[in-house]
Structures are given as C-alpha cells and as structure tokens.
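Enquirer: Structure of the sequence below:
(one chain, ligands or ions: 1)
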Amino acid sequence: MSLSKKQRAFTRMIGELIQYAYNAGYELTFGDAYRDPRVFGEQGVKKGYSAINSNHKIRLAVDFNLFVNGEYITTGEHPAYLDLGQYWESLGGSWGGRFNDANHFSLEHQGHK
Ligand SMILES: [Zn+2]
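Expert: Numbering: from 1, shown residues only. Just a heads-up that it's a prediction; the model follows:
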C-alpha cells in the first residue's frame, strides 16, 4: 500500500478509535500528531526530541492524552489504555503500549511503528 493510501486509512482509523474511546466513557486530547520534518528532521535524521524514524514525521502516528472520569491518566498500565490499545490493534494498528509508549497509536510503515 502506498504511503498516501496508508495515511488516509490511518486518519479514518483514528476517527474510529476516538469514537470507541468516547463510547467507552473515556475522553482524549491530542498530544503529538504530525511532526513536521522541517522541525524534527526527515525520516532517518535526528532533530529535536523526535525519534530518528518516527511515524509522526510521516503522518502515521498520534499520541493521545487519556482521561477517565475527568482524571488525566498518567500511567500506561491503566486498564483503559489496554482497552484502547487492543481496540486499535483490532483495526490493524500498532499500539505503543507494546513498547512502553501507551499513548502512541500508529500504523506500521517499512518496519517502523
Ligand atoms: Zn508517539
């Protein structure tokens, strides 16, 4: 699948994830979504705080801040994160909770998540 097609599928999937979260009684705010390569470097280039091959730089990752009963959840161990992560995986996404980054929801591209 081309990168452009993947980006469009990813955006639709994020919409479904947000809907799922609110239906489950959670609330979200956006953390990092797109990281502009003019600020963070192209894929393969380390610049700023972004990982060298971050999918944020190619519009295939979003970080969400999670709220349950109005409370900001600061630990990735919270069951609501697992719930969202498993739902995201059921859509075909990669969940950062599998590598200690629970608020990161991405779509794999060329081996990067
Ligand atoms: Zn991220």
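Enquirer: Can you name the residues of this structure sitting close to the ion?
Expert: Residues of the chain lying close to the ion (Cβ under 5 Å from the ion) are 61, 63, 104. C-beta: built from backbone N, CA, C; applies to glycine.
Enquirer: Please identify the helix or strand for the second one.
Expert: Yep, that's D63 we're talking about. If you go by DSSP states H and E, D63 is part of strand 61-68.
Enquirer: Give the pairing partners of that strand; include direction for each.
Expert: strand 26-30 (antiparallel), strand 71-72 (antiparallel), strand 104-106 (antiparallel) (DSSP bridges).
Enquirer: Compute the distance from the centre of the second one to the centre of its chain.
Expert: Averaging C-alpha positions (Cα atoms, centre = their mean, to the nearest Å) puts strand 71-72 19 Å from its chain's average.
Enquirer: The last one too?
Expert: Chain-centre distance of strand 104-106: 2 Å, with Cα atoms, centre = their mean.
Enquirer: Would you mind listing the residues in contact with the residue of the chain found nearest the ion?
Expert: Nearest residue of the chain to the ion (Cβ to the ion) works out as H104 at 3.5 Å. H104 sits next to 61-63, 95-96 when contact means Cβ atoms under 8 Å, 6 or more residues apart in numbering.
Enquirer: what pLDDT does it get?
Expert: What the model reports as pLDDT for H104 is 98.
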